[in-house]
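Enquirer: Kindly generate the corresponding structure for this input.
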Amino acid sequence: MTGFSPEWLALREPVDLAARNEAVEITFFAALGSDRLRILDLASGAGSTVSALSRRRGRSVGCSVEWLLTDYDPALLEVADQRWQDSVTTRQIDLAKDLEQLPFAEVDAVTTSAFLDLVSEPFLVRLVEQVVQAKKPFLASLTYDGRAAFAPQLAFDSAVLNAHNTHQLSDKGFGPALGPAAAGRAIELFQDRGYKVVQGRSDWQADHASANFLRELLGGWRTVGRQVALDEAELEDWWSLRQEQIGSGALSLTVGHVDFAALP
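Expert: As a prediction, this is how the structure comes out:
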């Protein structure tokens, strides 16, 4: 199962927080109603969903929500436990194998962030089935949808983006991933089961203020370009120029994501 380092998650968390769709999250919380909730978060990592939704809910949400955080990586769960302490319970689990062991019926809602684009169609069907059987609201944040826009643009951007989107379809531990198609497919599955879905964009916006994030992100895209055998000289020219632009503060990047709330 593919994992992410705590360092990368820390770099992206401010970008994630700024990107989340306020209208979708407000709709999700309005459907919950109660001041005391138990929320199951899937693929929790270091607890960024707790950070985001605590901020959104306002008034001491960390005290009024009991979180069950689940992830394959015990080191990330330990980080989350240290960050949130009495507000969270953590559970190390292989979601690909043991999703059905989670207590969907015992919580008030289910959330996940930056996860659905990593999973396969069969896993997504299993997940929707568990949520729908339990009749729970579901919030999926920051699902990558395949879009990216650089300013300034380079001719080689499209080749790098196509390589990245192709790599997104590889097996991340759940079978061949849905990648950019994941949000749309998840919405279809929930709507087919009678759920109401509210959706909106949650695009990353990165510029000079997030230079380290940009270096790490585009460095990863460069690695993917090598793996899929893009022209080495063109790729290195692209990477060299992008590094210069990041260093000078000249580069900005939008990366497309979708948030949605599925409500019974």
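
Enquirer: hey, let's count contacts and neighbours off CA atoms from now on
Expert: OK.

Enquirer: low pLDDT regions in this structure?
Expert: For the chain, applying pLDDT under 70 flags the ranges 1-4, 56-63.

Enquirer: Kindly list the longest strand within it.
Expert: The strand that spans the most residues within the chain, counting by DSSP state E, is strand 138-151.

Enquirer: what comes into contact with that strand?
Expert: 16, 19-20, 25, 28, 109-117, 131, 157, 161, 165, 179-183, 202-203, 251-263 (Cα atoms under 8 Å, 6 or more residues apart in numbering).

Enquirer: go again using 7 Å as the cut-off
Expert: Strand 138-151 is touched from outside by 20, 28, 109-117, 165, 180-181, 183, 202, 251-263, with contacts defined as Cα atoms under 7 Å, 6 or more residues apart in numbering.

Enquirer: buried subset of the residues you listed?
Expert: Among these, the ones that count as buried by 16 or more other Cα atoms under 10 Å are 20, 28, 109-117, 165, 180-181, 183, 202, 251-253, 255-263.

Enquirer: for the helix or strand hosting Asp41, packing partners?
Expert: Element membership of Asp41, judged by DSSP states H and E, is strand 37-42. Packing contacts for strand 37-42, counted by 3 or more Cα pairs under 7 Å, 6 or more residues apart in numbering; DSSP states H and E, involve strand 65-71, strand 109-113.

Enquirer: out of those strands, which comes closest to Arg83?
Expert: Among the helices and strands packed on strand 37-42, strand 65-71 comes nearest to Arg83, with 12.3 Å by Cα to Cα.

Enquirer: quick one: buried residues of the helix or strand following the closest one?
Expert: In the C-terminal direction, the helix or strand that comes right after strand 65-71 (DSSP H and E) is helix 74-84. Within helix 74-84, the residues that count as buried by 16+ other Cα under 10 Å are 74, 76-78, 80-81, 84.

Enquirer: any idea which helix or strand comes after helix 74-84?
Expert: strand 88-92.

Enquirer: Give the partner strands of that following strand in its sheet and their orientations.
Expert: strand 65-71 (parallel) (DSSP bridges).

Enquirer: So what angle separates the directions of the strand it pairs with and strand 37-42?
Expert: Here strand 65-71 runs at an angle of 10 degrees relative to strand 37-42 (axes from the mean of the first three to the mean of the last three Cα atoms, to 10 degrees).

Enquirer: gap between strand 65-71 and the chain center?
Expert: Chain-centre distance of strand 65-71: 16 Å, with Cα atoms, centre = their mean, to the nearest Å.

Enquirer: what is the orientation angle of it with helix 74-84?
Expert: Orientation of strand 65-71 against helix 74-84 (the same axes, to 10 degrees) gives an angle of 160 degrees.

Enquirer: C-alpha coordinates for strand 65-71, PDB please?
Expert: C-alpha atoms of strand 65-71 as PDB (Å, rounded to 0.1, in the frame of the first residue of the first chain):
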ATOM      1  CA  VAL A  65     -16.400  15.600  18.000                       C
ATOM      2  CA  GLU A  66     -15.000  12.300  18.900                       C
ATOM      3  CA  TRP A  67     -12.800  11.100  16.000                       C
ATOM      4  CA  LEU A  68     -11.900   7.600  15.000                       C
ATOM      5  CA  LEU A  69      -8.900   7.900  12.800                       C
ATOM      6  CA  THR A  70      -7.900   5.000  10.600                       C
ATOM      7  CA  ASP A  71      -4.800   4.400   8.500                       C
END
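
Enquirer: Residues touching that strand, excluding its own?
Expert: So strand 65-71 is contacted by 36-45, 77, 87-93 (Cα under 7 Å, 6+ apart).

Enquirer: Quick check on those: which are buried?
Expert: If we count by 16+ other Cα under 10 Å, the contacts of strand 65-71 have these buried: 37-45, 77, 87-93.

Enquirer: Name the nearest residue to Cys196, sequence neighbours excluded.
Expert: Not quite, residue 196 is Lys, not Cys. Spatial nearest neighbour of Lys196, chain neighbours left out: Leu263 (5.1 Å); criterion: Cα to Cα, 6 or more residues apart in numbering.
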